[in-house]
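*Asks:* I would like the atomic coordinates for the input below:
(one chain, ligands or ions: 1)
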Amino acid sequence: MVPELVGKLTELGYEVAVEPGAGNHALIADEEYAEAGATLDEAAFDGAALVVSVQPLDLGTARRLPAGTSTISFLPTQLEPDLVVAYRDSDVTSYALELVPRISRAQSMDALSSQAMVAGYRCAVVAAGMLRRFFPLSMTAAGTVQPAQVVVLGAGVAGLQAIATARRLGAVVQAYDVRAAAAEEIASMGAKPIHLELETLEGSGGYAREMTDDRAARQRELMAPYIARADALITTAAVPGRTAPVLVTRDMVEQMAPGSVVVDLAAESGGNVEGSEPGEVVRIGNAQVWGGRNVPSQMPGPASRLLAQNIVNLVTLMTARDEDDRASFAPDPDDEIVAGACVTRAGAILHEPTRLAVEGEPAHE
Ligand code: NAD
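*Replies:* Predicted structure coming up:
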């Protein structure tokens, strides 16, 4: 939560308790929350109907929550099976921000998109900062400075924002994505779509489908010359629930010119670029390769503001009013957004893929 949105929650009828220091990493002082009407409380969890956090709670805290408490946070269930089990067993209702369905009505609650937007911007700025040459074309009395050539792979929310930012800085941008609709979206951001002689890969819900090994190898082969000519390469490709596809091998990076820069936003989920390390800059051939790690947190102010707004919108949807206009936290379990985001409720795991992974298959036990 950010102080400027605490008032939205108190207007809804809630009391807001904030753990001291909760805003430290976002450069927000405790006093700002207090001035906005929140209580600073070491035991903020005690008696809370709803616990909101960015990252999932730690297991110890989760186990101490009384039955009937609700939680909202990012909750990557495949990485946190023990936490899901703790919520199930202590009868806690948990909602995962990444499971909010991507339907029009939920756009204002879409934390994946708001954080991807921040990350995409950051990637372009990091690339511009690391590249020791100009992004824009400059005509000067001392001669013409050629613009930087940028290639962006993956043109979802983060990739499109990286393209828009690199374009605003004046670079010449080319981009590729496996989805059919992407070429038009890339062009609308002022970049040139890269057309490879390959079939498109549409999955469900507007997402990409995973590539076969053959398709992946062919894509890398066709992409290699574009990467060899790039001054900066930004990769943002992802397939939901899978490790990130390897789009760029070491060999391909080694073909890049001295001083080139690679920014791999997917480094944390396996990496689009072979050899990239989350949170590190490594050298491959002549290129500096920057691996992203919790990239939205590198712009904590706007990332927090956008996330807090997503959460306020979600909490507003989950708030019911009685005849006397008294508000209570009472999500309608039949609402598509509430149902989609719900991981556990009433002692059961409701998100079926998570339930199958945690309870269904002996291999996971
Ligand atoms: P994402 O983070 O899952 O993936 C990022 C991008 O990587 C995607 O565009 C994907 O197609 C691409 N990709 C996957 N494999 C690739 C490969 N081998 N090579 C190149 N690119 C590859 O995606 P996202 O940013 O969450 O968005 C995915 C889609 O959802 C987009 O079409 C977006 O417009 C749509 N979306 C819709 C809504 C909404 O309707 N509310 C909200 C957000 C996003």
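*Asks:* Spell out, range by range, the helices that occur in the stretch 101-250 of the chain.
*Replies:* Assigned by DSSP state H, counting those that start in this stretch, the helices in the stretch 101-250 of the chain fall at 111-130, 157-168, 182-188, 213-229, 250-254.
*Asks:* mind listing what's buried in the second one?
*Replies:* Residues of helix 157-168 classed as buried by neighbour count (16 or more other CB atoms under 10 Å): 157-167. Every C-beta, even on glycine, is put in place using the N, C-alpha and C of the backbone.
*Asks:* show me which of those neighbour the ligand.
*Replies:* Residues of these in contact with the ligand (CB under 6 Å from any ligand atom): 157-159.
*Asks:* ok, the closest residue to the ligand within the stretch 101-250 of the chain - contacts?
*Replies:* In the stretch 101-250 of the chain, the residue that lies nearest the ligand is Gly156 (2.2 Å; CB to the nearest ligand atom). Counting by CB atoms under 8 Å, 6 or more residues apart in numbering, Gly156 touches 116, 177, 236, 238.
*Asks:* By neighbours, which of those residues wins?
*Replies:* Among those, the one with the most neighbours (other CB atoms under 10 Å) is Thr236, at 29 neighbours.
*Asks:* For that residue, grab phi and psi.
*Replies:* Backbone torsions of Thr236, given as degrees, to the nearest 10, read phi -140, psi 20.
*Asks:* check contacts around it.
*Replies:* Contacts of Thr236 by CB under 8 Å, 6+ apart are 119-120, 123, 152-156, 158-159, 162, 265-266, 272.
*Asks:* Roughly how far does it sit from Val84?
*Replies:* Going from Thr236 to Val84 by CB to CB, to the nearest Å gives 28 Å.
*Asks:* what does Glu280 give?
*Replies:* Glu280 is 30 Å from Val84, where distance means CB to CB.
*Asks:* just checking, Leu233 touches Ala257?
*Replies:* No - here Leu233 does not reach Ala257: they are 11.5 Å apart, not a contact under CB atoms under 8 Å.
*Asks:* Look at these two and report which has more neighbours.
*Replies:* The residue with more neighbours, out of Leu233 and Ala257, is Leu233; 28 against 13, by other CB under 10 Å.
*Asks:* Now do the buried residues in stretch 30-49.
*Replies:* Of the residues in stretch 30-49, 30, 32-33, 36, 38, 44-45, 48 count as buried by neighbour count, 16+ other CB under 10 Å.
*Asks:* just stretch 283-300 next, same as before
*Replies:* 284-285, 287-292, 295-297, 299-300.
*Asks:* Could you list the contact residues of the stretch 151-300 of the chain toward the ligand?
*Replies:* Within reach of the ligand by CB under 6 Å from any ligand atom, the stretch 151-300 of the chain has these residues: 153-159, 176-179, 206-208, 211, 236-240, 245, 247.
*Asks:* Tell me where the model's unsure across this structure.
*Replies:* Applying pLDDT under 70 to the chain picks out residues 361-365.
*Asks:* Distance of whatever residue of the stretch 251-365 of the chain ends up closest to the ligand relative to Leu196?
*Replies:* Of all residues in the stretch 251-365 of the chain, Asn272 sits closest to the ligand, at 8.0 Å by CB to the nearest ligand atom. Applying CB to CB, the value for Asn272 to Leu196 is 16 Å.
*Asks:* For these two, indicate the residue with more neighbours.
*Replies:* Set Asn272 next to Leu196 and count neighbours by other CB under 10 Å: Asn272 wins out with 24 against 15.
*Asks:* For that one, what are phi and psi?
*Replies:* Phi and psi for Asn272, reported as degrees, to the nearest 10, are phi -80, psi -20.
*Asks:* Repeat that for Cys342.
*Replies:* The phi/psi pair for Cys342 (degrees, to the nearest 10) is phi -80, psi 130.
*Asks:* OK, contacts around it?
*Replies:* Per CB under 8 Å, 6+ apart, neighbours of Cys342: 93-95, 99, 331, 333, 350-351.
*Asks:* Just grab the bridge partners of the closest residue to Glu280 other than its chain neighbours for me.
*Replies:* Counting by CB to CB, 6 or more residues apart in numbering, Glu280 lies nearest to Gly291, which is 5.5 Å off, once chain neighbours are set aside. Beta-bridge pairing of Gly291 under DSSP bridges involves Asp264, Pro278.
*Asks:* any idea how far Gly347 is from Gly291?
*Replies:* Counting by CB to CB - Gly291 and Gly347 are separated by 40 Å.
*Asks:* Next: Val152.
*Replies:* Separation of Val152 from Gly347 (CB to CB): 45 Å.
*Asks:* which one of those two has more residues nearby?
*Replies:* More crowded of Val152 and Gly347, by other CB under 10 Å: Val152, with 35 against 12.
*Asks:* beta partners for the more buried one?
*Replies:* Under the criterion used (DSSP bridges), Val152 bridges to Ala175, Ile234.
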